[in-house]
Structure formats: C-alpha cells, structure tokens
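Student: make a model of this:
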Amino acid sequence: MTPLLLISLILSSFSFSQDTIMRSLYWAALGLFSALLASAEVAKRCSAPPEQPPARLEEKFSRRRGFSSGEKVSYTCPEDFTPRGSRSVQCLEGKWTKLALKCEKRVCGNPGDLPNGQFKYKGNSFIGQKVFATCNEGYTLKGLNYMVCKSSGWTGEFPKCGAEGAATCSSPAVDHTVKAGGTVSVYQLGDNVTFTCSQGFQLNRAPQVTCGPGGRWQPQLPRCLPSKERPAQPSRSKTGGCGKPLATKENKANLADKYITMATFASGDRVHYTCDVGHAPAGGSRFRMCRNGKWTPLFLKCEPKQCGSAGEILNGQFTYTGVEFGDTATAVCDKGYTLVGPATRNCKNNGWDGRVPVCEAMVCETAPEGTNAERKNLQEPPYTFRSVIGYKCREGTLVGPKEIWCTKTGTWSAPPPTCKVITCPSPIVSNASWAGAQINLYQYRDTISIECNTGYTMIGQSSVTCGLDGQWSPDLPKCRRTGHAVVN
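Tutor: A predicted model of the protein is given here:
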C-alpha cells in the first residue's frame, strides 16, 4: 500500500462534520510527502564527475552538470599513456564510484636481440627515451649506437655489430720476412702470425702478432732491418723491374699521387696507396713491392667513413638510409610540428653536410571571435599546438564545448561556445502532480519527477529534464485512468 493511499484511508475514516479540517490536513500531508519525494530524488543525483588526471572525462560527458542515479560516464587516457582497468564510474545515491582506470606512461618494451652485442637502457623505455647499443669485444658497431622510443615504437636504424660478425685482419705485410704457417689472406680474431726475417735481416720487435679488435694487429707489426754486417741498403737489380701497377678497384684504393707519372720501377721498389674519397684505412698494409718483375698483392682494406649521428631534433628525429659515406638522413617532425630548414643531410667525406633543422610547433590563428562567452584563461598569442582556451558564462548556459584547443594541423578543434538563456515552460500533465516548486519557467538541466494522481496510470517516463532546445526530454508522460483502454 502506497503512503498516499494510506493517508487517504486514514483521513476518510473521520466524520463528515470534520470535512473542512480533514481536507486541510490531507493537503498538508500530501505536500509533506511530495517534499520528501523531491528531497529523495535530489539526493540521488550526482554533480559533475571529478577530475582524475592524467585521465580525462570523455567530451560528451564534460558538458553536463547533473546526472541521475545509475548513470555511467567514461574516462580516456592521453595519447602517450596506456589505459589499464575499467574506464567507467557510476552515479549511485548521489556519489560517484571510484575510478579503477590507471593511465600508465606508454613504453616501447624490449627492442629485440642485438647479435654480438647488447642494449643498455638509461631508465625505463618511456616515450622520448633512448636505448643504447654496445658491441662485444672484437665486434664493430655499424650505424647509430641508439634508437628512440616514439609513440609508434622504437624508431631509427637497428644497430649492427660487425658487417659479417667478428672482426677480421688482413694478411700482414712486412718486407724481407718469411711468415710461419704459409700464406693466408684473412685472419680471424685471436689468430697469431710469427715472422722470420730473410737472410741478412733481423727483427726489431717481437716476432709474433695477434689479430685484435677492430681488425688491427697487436702489438705493432715488426720490421726486418739489415744486419750490421751487410750494407745498409741492398743493391737493386737492374733486371727484373716492374711496370706501372694496375688499379685495384675492389680495394677502394688508388696509387699515391707521386707515383702516378712513373712508368717503370726497379726490383725492390715500393709504392703505397691511399683510400678513395669517403673511405678510410681499416687494416692491411698500404704498400706493394716490385719483386722479380711482379707486384706483391695489395692488402689495404678501405671501408666507407662513418658519419655517426646526424644530430638531435627536439620534437622530431632523423630517419637514416645508413650512416656511411653516401648515405642520407631525413628529418621528420612529430605530429603537431612543422620543419624549418632543409630536411635532408648527406654523409660526406668530412661528415654530415648542412645543419640540424628545427621542428617548430604548429600555430593557430588568434582565438576565434563571435561568442558572448567569457574566457577563463588569459593566455596571449601565439597559440601553438595543444594550447587550450576555456570558456564560461556569467549568465545563461554554455552551449558548445567548454574548452577548445589548437590541433596538429594548426586549426582550432571546434568553434567557440556561446552563452544562451534556456528555459522550459511549466509542464502540463493532466491528472498529475510533481515534486518541487510550481513555477512558470524552468532552467536548462532542471529535472522534475511527475506522479499520476490516485486512480491513474502513467504512460511514459516519470522523470524529465529541460533540454538545450527548451523542451522537456523525454516527452512529457500521460496519466490515464486505471482500467481504461489507451488510445494513441
């Protein structure tokens, strides 16, 4: 039995002579009960959801001020964060439930395995941080020694340790020697070579050398100097000379300039080579000798020069075809930033040409005009990427977003909002009443609960809210006498 029906039965039990007093008591009790219903309904509503940084309330909910019990709203995480847990909170008996969403700063994770080396982190692999590559002993780093964590993952060329694995050494060339163990063109890391001087010569250093890291022999190669009992310089034979040595393109080397004009060489003469432009010696002797009418092999190894990093770009990065002579580095700005200066740098003989360009934030034009809303913040131009302008109303209701921001394309996210006085007329529902004051005009977002009189049944929703269009939403209900057929 409802409280209204109970009150009616109690009052109807009094005698007819007390009719006037009973009617007064009836309406007083009905008013008190309606006030209690209104108080309970208000208590069940929630105000605007709380701020939960770095989580952000979804835009479609940020414009509302009041929420009914049972309603849910959702939060999102910024772009550089990963969401963990439920994104929703619910209005229950006038209070919001606790937000379980955790916005964790996005990480790039493990960049992968580096053969013959390892990656080292400086802190965690958050966006904007670097991971550095180091090679094991005996291996040489090819390319940049780091990669950068971006929103798309690890960016930059993946480092390599050694072109084909372990460093190798070219066959050592020492004049007037006999190498033990025969002739080998390439030696592996840790291989040893022992030298014995030809008759009439003697070693001036240790006879054994070892192939070490970087393709270098350790210790320094010895020399075979003439013995004291022999002349300081062996006499040259006038026979068995050599012609001009042929070019060796596969070595990326050229005969030194001072020998270019010479056409004939005597037995015992030596010439030396220099590396091509953009290349540097990487092992092996640069000398060749004329012996019995033939030139000894050239073991000089020339490798492209390394330019290393093309530089650091704030709010951007370089993408590389490589970091050797002839490679290019192209600047790419992060979203919301525009490139100022040449985008490409070339790896030349003396390093990268040009300068490091700059990534400047996109700029939006002056804040949009044509609004009667008042700005909450007083930021002055220029308005760069991610700049935010907030608005409020001294009178009326804010229609549109409460904040607009400068986007990555240099435009505002939306037109500015306006302030508008929005009212709804007093609802007219026959055979019904509602809690709260009986007024002619209601403000935007005002909510009332309608209840049909005794003996009537409600068709529609009992709770309605004054909307942006000045109309009640949902449509006002209707009260039909109980037991009567409903005619649409």
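
Student: which parts of stretch 90-104 are buried?
Tutor: Using 16 or more other C-beta atoms under 10 Å as the test for burial, stretch 90-104 gives 91, 96, 99, 101, 103. For every residue, glycine as well, the C-beta is placed using N, CA and C.

Student: nearest to residue 483 among those residues?
Tutor: residue 91 (36.7 Å; C-beta to C-beta).

Student: rewinding a little: show me the buried residues of stretch 90-104 that map onto helices.
Tutor: Taking DSSP state H as the definition of helices, the buried residues of stretch 90-104 contribute nothing to them.

Student: save those residues as JSON lines, and put in pLDDT and distance to residue 198 too.
Tutor: What follows is the buried residues of stretch 90-104, written out as JSON lines (pLDDT from 0 to 100; distance: C-beta to C-beta, whole Å):
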{"residue": "91", "pLDDT": "88", "distance to residue 198": "98"}
{"residue": "96", "pLDDT": "85", "distance to residue 198": "94"}
{"residue": "99", "pLDDT": "88", "distance to residue 198": "86"}
{"residue": "101", "pLDDT": "86", "distance to residue 198": "82"}
{"residue": "103", "pLDDT": "84", "distance to residue 198": "77"}
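
Student: helices or strands up against the helix or strand hosting residue 390?
Tutor: In this structure, residue 390 sits in strand 388-392 according to DSSP states H and E. Contacts of strand 388-392 with other secondary structure elements, assessed using 3 or more C-beta pairs under 8 Å, 6 or more residues apart in numbering; DSSP states H and E, are made with strand 374-375, strand 403-405.

Student: closest one to residue 149 among those strands?
Tutor: The minimum distance between residue 149 and these falls on strand 403-405, with 25.0 Å, by C-beta to C-beta.

Student: outline the domain layout of the protein.
Tutor: By the record's domain assignment, the chain is partitioned as 1-44, 364-411, 422-488 (automatic domain parsing).

Student: rank the ones you listed by pLDDT, which is bottom?
Tutor: Considering the domains of the chain one by one, the lowest average pLDDT is found for domain 1-44, at a mean of 51.

Student: list the contacts of residue 281.
Tutor: Contact analysis of residue 281 by C-beta atoms under 8 Å, 6 or more residues apart in numbering lists 275, 300-302.

Student: what's the most distant pair in these?
Tutor: Taking every pair in those and measuring C-beta to C-beta, the maximum separation is 9.1 Å, between 275 and 301.

Student: list the buried ones in stretch 459-478?
Tutor: Judged by neighbour count using 16+ other C-beta under 10 Å, the buried positions of stretch 459-478 are 464-466, 472, 477-478.

Student: any weak-confidence spans in the stretch 51-200 of the chain?
Tutor: Within the stretch 51-200 of the chain, the set of residues satisfying pLDDT under 70 comprises 63, 65, 122-124, 152, 162-167, 178-186.

Student: quick check: end-to-end length of stretch 48-64?
Tutor: Its first and final residues considered, stretch 48-64 spans 7 Å by C-alpha to C-alpha, to the nearest Å.

Student: that should have said stretch 255-274, apologies.
Tutor: Across stretch 255-274, first to last residue, C-alpha to C-alpha, it's 6 Å.
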